[in-house]
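predicted coordinates and the sequence they were generated for:
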Amino acid sequence: MDFTLRITEIFHSLQGEGLASGLPTVFVRLTGCPLRCHYCDSEYAFHGGQKYDLDAIITEVDSYGAREVCVTGGEPLAQPNCLVLLERLCDCGYHVSLETSGAMSIEGVDPRVSVVLDLKTPDSGESTKNDYSNLARLSQGDQIKFVICSEADFQWARFKIDELSLLSGPAELLFSASFTQLKPEQLAQWIIDARLPVRMQLQMHKYLWGDVPGR
Ligand SMILES: C[S@@+](CC[C@H](N)C(=O)[O-])C[C@H]1O[C@@H](n2cnc3c(N)ncnc32)[C@H](O)[C@@H]1O
Ligand SMILES: Nc1nc2[nH]cc(C(=O)O)c2c(=O)[nH]1
Ligand code: SF4
Ligand SMILES: [Mg+2]
């Protein structure tokens, strides 16, 4: 078998998003994505990249001496060998998270992986791609993220949480403001006013270093 993956970058930083925010983490960014969210901050990962075999990825990840590894993209699950990478990272003892658009099936993702599933909102332009059957596959330790671009997105997210009974599911619910499009203080106020028991998150790395690759 040919266990190669197309990789845009491997870098060591602080996790800027989700429940593991603030922890030193190695990021493995896989190349390519079938979606085109209007706000995407990782368009540089749509094309190009470099072919790596699995052992070369593990060697580079190991070189940073971190405990956390985040597999992201692009859309990591668009490359079938991503499943092998996730399993191998778990076998190596890493705490592994996967950032995914929720447009592709998460069936086959190693159960030790913490899945961060981004339920695409209408203003992303890609909400018709959501595969809602993924929600039943989430378990404790997984996260559902809503990237909110507008008040209409916020109301849509509230509706989906209710319609799909997400508050009684196992996954943590995260709300994030689309960077530069929606002020985080506005999102915070909507969450407070709606008395919505979800976790507001910032993309911490952008406040530390700006919106740049490799951070
Ligand atoms: C770059 S994507 C890669 C993984 C996968 N394709 C996805 O969309 O989840 C990682 C996360 O960054 C979020 N993101 C991308 N651009 C953003 C922006 N401008 N503001 C806030 N979050 C953003 C995405 O919504 C996603 O949750
Ligand atoms: N520091 C940092 N944290 C992140 N968490 C998720 C990221 C991503 O691009 O998926 C990301 C990223 O690009 N940088
Ligand atoms: S799914 Fe993720 S990588 Fe793809 S365009 Fe949307 S935010 Fe960017
Ligand atoms: Mg990013």
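Sure thing, it's come through. Ligands and ions are numbered 1, 2, ... in the order given.

now do Q143 against L23, distance only.
Applying Cβ to Cβ, to the nearest Å, the value for Q143 to L23 is 14 Å. For every residue, glycine as well, the C-beta is placed using N, CA and C.

more neighbours: which of those two?
Q143 (22 against 13; other Cβ atoms under 10 Å).

buried stuff in the longest helix along the chain?
Determined from DSSP state H, the single longest helix within the chain is helix 151-163. The neighbour-count check on helix 151-163 (16 or more other Cβ atoms under 10 Å) flags 153-154, 156-158, 160-161 as buried.

can you put those residues in TSV and add pLDDT and distance to L173?
Output for the buried residues of helix 151-163, formatted as TSV (pLDDT from 0 to 100; distance: Cβ to Cβ, whole Å):
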residue	pLDDT	distance to L173
D153	99	14
F154	99	13
W156	99	14
A157	99	9
R158	98	11
K160	98	10
I161	98	7
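
between which two of these is the distance greatest?
D153 and I161 (12.6 Å; Cβ to Cβ).

is ligand 2 within reach of the longest strand along the chain?
Longest strand of the chain, by residue count under DSSP state E: strand 4-14. Yes: using Cβ under 6 Å from any ligand atom, a contact is recorded between strand 4-14 and ligand 2, made by 13-14.

report the contact partners of T121.
The contact partners of T121, by Cβ atoms under 8 Å, 6 or more residues apart in numbering, come to 127, 146-149, 153, 156-157.

spatially nearest residue to it, not counting backbone neighbours?
Leaving aside its chain neighbours, T121 sits nearest to D153 (4.1 Å; criterion: Cβ to Cβ, 6 or more residues apart in numbering).

go ahead and confirm K183 touches L202.
No: taking contacts as Cβ atoms under 8 Å, K183 lies outside contact range of L202: 11.4 Å.

which one of those two is surrounded by more residues?
L202 (16 against 10).

next up, the contacts around that one.
Counting by Cβ under 8 Å, 6+ apart, L202 has contacts 16, 176-177, 184.

check H205 too.
Counting by Cβ under 8 Å, 6+ apart, H205 has contacts 13-14, 16-17, 215.

now the residues you listed as a markdown table including neighbour count and distance to V28?
Compiled in a markdown table, the contacts of H205 are given as follows (neighbours: other Cβ atoms under 10 Å; distance: Cβ to Cβ, whole Å):
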| residue | neighbour count | distance to V28 |
| --- | --- | --- |
| S13 | 18 | 12 |
| L14 | 16 | 16 |
| G16 | 21 | 15 |
| E17 | 22 | 15 |
| R215 | 14 | 15 |
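
just flag the most distant two among these.
E17 and R215, at 12.3 Å, using Cβ to Cβ across the contacts of H205.

this protein: helices as residue ranges?
So, for the chain - with DSSP H - the helices run 54-62, 82-91, 151-163, 184-193, 204-209.
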